[in-house]
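Asks: sequence below, structure please.
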Amino acid sequence: MANDQYEQLVTKYRKKLAEKLGGEENIETAISEKIISKEYETFKKELLPVKLTLYEKACNNAEKIIKISPDKKKAHEIQKDIDAVHLQITPTGVYSFSISGPLVLAVVGILLSMFIPALFGNDTSMFFILASIMTGAVLIYPMQQIPKYIANSWRMQASNQMVLCIFYIVTYMRHTSNLERALEFAASHLTGPLALDLKKVLWDVETSKYETVKDSLDRYLDTWKETNFEFVEAIHLIESSLYEGSETRRISLLDKALDVILEETYEKMMHYAQNLKGPITTLHMLGIILPILGLVILPLIVSFMAEVKWIHIAVLYNVALPIAVYIMGKTILTSRPTGYGDTDISEEHPELKKFRKIIIHIGKKELYFSPMLLSIIVAGSCFFIAIIPLLMHFIGLSDIGFGNDDTTTACGYTYCFLDYREDAFGNEMGPFSLIATVISFFFPLAAGLGIGIYYKLRSQNVIKIREESKKLEQEFASGLFQLGNRLGDGIPAEIAFQKVAGVMEGTETGKFFEIVSDNINQMGMSVERALFDTKRGAVLYFPSKMIESSMKVLTESAKKGPQIAARALITVSQYIKEMHRVDERLKDLLAEIISSMKSQISFMTPVIAGIVVGITSMISNILAKLGPMLQQQQGGAAVGSAGALPMDLFGLGIPSYHFQAIVGIYVIQITYILTILANGIENGADNLNEKYLIGKNVLYATILYVGIAFIITIIFNTVAVMVLEGVVA
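Replies: Numbering: from 1, shown residues only. So this is what the prediction gives:
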């Protein structure tokens, strides 16, 4: 009876499900997808801490309001990119947001344009209306490509870890021929997207989405066939080693897998370096040389076209050009092949996060301050100084000046503090004075020092620790080789560490082995605890995944005997040497390009921009005074006569105060973008080094630009004043 009631309930609810799902055959699929979806959400929450981003929310909300679907081919491509980075959106949501987002932006821009005339003059409203409409139209296509950009960035971060991934898998499988455990070992020592992807491969097996690890891994490898076939080929060789009955043949296939990815990585990087010269030259010309040289003629254009304001130039140089250069640079980076990349060790080792702060030692105590606080204080102070001329004019303070009498200036002296003037339309413009121009240098100082101090102080302590670990990695191969030989001679690991520490005394490797030996002899720890103890383990003092994984191999292989451990360590040392050799060859390939980009960042851009600002300031000063001076010399001729022509011909132009601020901020923007590009080309996805280089380069470029521009401006304007006084005389 109970069974009959149970069957009736099942039949009843199956009918209801069939009505809602459109047929009996869709029930099992829906139930299965629901279970998989629930498990996947659990997996994402535990192992993939990818929060629902603002972009995801925007796409999902846009899809609810207005549904715009791409064609099937485009939808398939977008879905591949979405799946690659685990975004919780649909192709329809992407397209809906790509239309509604720019539309909302254009409408907001048009509404704001109603208030623009009050700030920048009545003739600027139409410019901002047209700019808003054009910006909205131009943004549609890039916003449709956002999943592709995110996926390319994800793939670049993942590909940076591929050589290490093969190294970890091969290293583990030399002593234990188990693919699943080798993937777990690799996933635990890798960082970034590739580690999460490997965990997803294992998770799909645990949730029975695939029957075997090989099936799950092969499905994952399909996503890399087009972009990183050498990684796919290496994994297939590793899989083939599982079916070899001969131990010699099995080891040979594993060695071949690492050789394949190393050699093909070098070959692809060689082609990348050859093809990089053209795009980098184009980027250099369009993003640096032409815009900066174009600044020389801008004062002349503005003098002859009174409708052109400083805000128009600011939109072009501080918004449009940086965005264009950034997109060009990111496009260049997306084609970067598999390489090597380091990680932010403070993310992997939470105990190192304190080194992101400013550390002040008071006796035995340490005080920690956020670099953000200092950068805000410095940037805020500089910005306040920079806007003093604007504040003085806003509150209506009288202009002051010094020097000889000069009727062409607002204050009546050669040098004014503000020097505001009226243009042909009756609008007040300024400040034109040399003093205001000098004060305007605090605009780039505010931006440059604020950004530079924050990034440099946040990363310099952490990068010092990583550099020490890198020194250890370079020596570690020979240390491992010696340790392997000692184990091969039958010496216990506890004594072998002590002997190798004595041989390598004074080196970073010697220090590492000495810590292990002290933990064993003085603290009574086992080898594993001496290496990985959470408080005194040697690995804590040298935070390197390479070193940690090598020691994991030692402790794992030692369980099978000292001879196996000896062979494992000797093999690991050979692998590390081979990887280091290929890494150096890759750096040689990119050396010329990186050297050129570094010279652009650290010297050419700030120097050229500084000289241009000085020349432009002189030209603007001459043009601003020449018209009134000639008119006075001709006795104030009537409008339309020959004497009135110079006043109409030489307009007020653009104030050097605004012009210098635009150029200075542009220099900082270009330095910032080129630093990201140079670091990406040389090191791949290395966030820690990127932050350190941004801080270092932005600080240096800002100080160099301000110094050169200040000197050139003072010299050229002094000469201009002397020439103009001679003309009047």
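Asks: quick one: buried residues of the host helix or strand of Thr135?
Replies: Assigned by DSSP states H and E, Thr135 falls within helix 125-144. Neighbour counts using 16 or more other C-beta atoms under 10 Å place 125, 127-129, 131-132, 135-136, 139, 143-144 of helix 125-144 among the buried residues. Using the backbone N, CA and C atoms, a C-beta is placed for each residue, glycine as well.
Asks: after the longest helix along the chain, which helix or strand is next?
Replies: As assigned by DSSP state H, the longest helix anywhere in the chain is helix 442-488. Once helix 442-488 ends, the next helix or strand along the chain (criterion: DSSP H and E) is helix 493-503.
Asks: low-confidence ranges in the stretch 351-500 of the chain?
Replies: Applying pLDDT under 70 to the stretch 351-500 of the chain flags residues 351-353, 363, 403-404, 406-414, 422-427.
Asks: now, among the buried residues of helix 125-144, which is nearest to Phe542?
Replies: Nearest to Phe542 out of those is Met143 (C-beta to C-beta; 44.6 Å).
Asks: check contacts around that closest one.
Replies: 97-98, 101-102 (C-beta atoms under 8 Å, 6 or more residues apart in numbering).
Asks: swap in Ala709?
Replies: Ala709 neighbours (C-beta under 8 Å, 6+ apart): 441, 609-611, 613-614, 660, 663-664.
Asks: determine which two of the residues you listed are furthest apart.
Replies: Largest separation among these by C-beta to C-beta: Phe441 and Ile611, giving 14.6 Å.
Asks: comparing the two, which residue is more hemmed in?
Replies: Neighbour comparison, Phe441 and Ile611: the larger count goes to Phe441, with 24 against 19 (by other C-beta atoms under 10 Å).
Asks: work out for me the element the nearest residue to that one once chain neighbours are set aside sits within.
Replies: Using C-beta to C-beta, 6 or more residues apart in numbering and skipping residues adjacent in sequence, the residue nearest Phe441 is Val706, 5.0 Å away. Assessed by DSSP H and E, Val706 sits inside helix 687-728.
Asks: any idea of the angle that helix forms with helix 442-488?
Replies: For helix 687-728 against helix 442-488, the angle by axes from the mean of the first three to the mean of the last three C-alpha atoms, to 10 degrees is 150 degrees.
Asks: coming back round to it: export the contacts of Met143 to TSV and tack on pLDDT and neighbour count?
Replies: Shown next, in TSV, are those (pLDDT from 0 to 100; neighbours: other C-beta atoms under 10 Å):
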residue	pLDDT	neighbour count
Phe97	88	27
Ser98	87	22
Gly101	85	19
Pro102	85	21
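Asks: so which of those residues is the closest to Gly490?
Replies: Checking these against Gly490 by C-beta to C-beta gives Phe97 as the nearest, at 66.9 Å.
Asks: not counting sequence-adjacent ones, nearest residue to the closest one?
Replies: Ala62 (3.9 Å).
Asks: my read: the one you found touches Gly93, true?
Replies: Yes. Between Ala62 and Gly93 there is a contact under C-beta atoms under 8 Å: 6.2 Å.
Asks: do you know how far the closest residue to Lys499 other than its chain neighbours is from Asn717?
Replies: With sequence-adjacent residues excluded and distances taken as C-beta to C-beta, 6+ apart, Lys499 is closest to Arg486, at 5.8 Å. For Arg486, the distance to Asn717 equals 73 Å [C-beta to C-beta, to the nearest Å].
Asks: thinking again about what came up before, Ala62 and Gly93: who's more crowded?
Replies: Using other C-beta under 10 Å, the more surrounded residue of Ala62 and Gly93 is Gly93, with 26 against 23.
Asks: make sure that one is actually in contact with Ile65.
Replies: No. If you go by C-beta under 8 Å, Gly93 and Ile65 don't touch, sitting 10.5 Å apart.
Asks: show me whatever sits in contact with both of Ala62 and Gly93.
Replies: Common neighbours of Ala62 and Gly93 (C-beta under 8 Å, 6+ apart) do not exist.
Asks: could you give the mean pLDDT of the helix or strand hosting Pro322?
Replies: Pro322 is located in helix 321-334, with elements delineated by DSSP H and E. Averaging pLDDT along helix 321-334 yields 82.
Asks: list the buried ones in it?
Replies: Result for helix 321-334 [16+ other C-beta under 10 Å]: buried residues 321-323, 325-326, 328-330, 332-334.
Asks: could you do stretch 66-74 as well?
Replies: Neighbour-count burial for stretch 66-74 flags Pro70 (criterion: 16+ other C-beta under 10 Å).
Asks: alpha carbons of that stretch, as CSV, please.
Replies: Extracted C-alpha coordinates of stretch 66-74, given in CSV (Å, rounded to 0.1, in the frame of the first residue of the first chain):
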residue,chain,number,x,y,z
ILE,A,66,16.4,45.0,-22.3
LYS,A,67,17.3,41.7,-24.0
ILE,A,68,19.6,42.0,-27.0
SER,A,69,20.9,38.6,-28.1
PRO,A,70,24.0,38.1,-30.4
ASP,A,71,24.0,35.7,-33.3
LYS,A,72,24.7,32.1,-32.6
LYS,A,73,28.3,32.1,-33.7
LYS,A,74,29.1,35.2,-31.6
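Asks: give the next helix or strand downstream of the strand or helix carrying Ser153.
Replies: Using DSSP H and E, Ser153 sits within helix 146-159. Using DSSP H and E, the helix or strand that follows helix 146-159 in sequence is helix 162-175.
Asks: off-centre distance for that following helix?
Replies: In terms of C-alpha atoms, centre = their mean, to the nearest Å, the centre of helix 162-175 is set 28 Å apart from its chain centre.
Asks: determine the angle, from 0 to 180 degrees, between it and helix 146-159.
Replies: Here the directions of helix 162-175 and helix 146-159 differ by 40 degrees (the same axes, to 10 degrees).
Asks: oh, and call the first residue 30 from now on, that's how I've got it
Replies: I'll keep to 30 as the first residue from here, and by that count the last item is helix 191-204.
Asks: which other helices and strands contact helix 191-204?
Replies: helix 208-218, helix 221-235, helix 258-270, helix 276-313, helix 574-587, helix 591-628 (3 or more C-beta pairs under 8 Å, 6 or more residues apart in numbering; DSSP states H and E).
Asks: avg pLDDT for the last one?
Replies: pLDDT averaged over helix 591-628 equals 76, rounded to a whole number.
Asks: in it, which residues are buried?
Replies: 591, 593-608, 611-612, 615, 618-619, 622-623, 625-627.
Asks: and what of the third one?
Replies: Taking 16+ other C-beta under 10 Å as the neighbour-count basis, helix 258-270 is seen to contain the buried residues 259-264, 266-268, 270.
Asks: need the residues you listed in a markdown table with pLDDT and distance to Gly724, can you?
Replies: As requested, the buried residues of helix 258-270 are exported to a markdown table (pLDDT from 0 to 100; distance: C-beta to C-beta, whole Å):
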| residue | pLDDT | distance to Gly724 |
| --- | --- | --- |
| Glu259 | 85 | 35 |
| Phe260 | 86 | 33 |
| Val261 | 88 | 38 |
| Glu262 | 90 | 40 |
| Ala263 | 89 | 37 |
| Ile264 | 90 | 38 |
| Leu266 | 90 | 42 |
| Ile267 | 89 | 41 |
| Glu268 | 89 | 44 |
| Ser270 | 89 | 46 |
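Asks: closest to Leu83 out of those?
Replies: Nearest to Leu83 among those is Phe260, at 32.1 Å by C-beta to C-beta.
Asks: and that closest one, what is it in contact with?
Replies: Here Phe260 is in contact with 188, 191, 194-195, 250, 253, 290, 367 (C-beta under 8 Å, 6+ apart).
Asks: what of Phe745?
Replies: For Phe745, the contacting residues are 643-644, 646-647, by C-beta under 8 Å, 6+ apart.
Asks: and the pLDDT for it?
Replies: You'll see Phe745 listed with a pLDDT of 85.
Asks: against Tyr239, how distant is it?
Replies: For Phe745 relative to Tyr239 (C-beta to C-beta), the value is 72 Å.
Asks: and Leu486, by the same measure?
Replies: 47 Å.
Asks: the two - which one has more neighbours?
Replies: Neighbours of Leu486 and Tyr239, each counted by other C-beta under 10 Å, are more numerous for Leu486; the result is 20 against 17.
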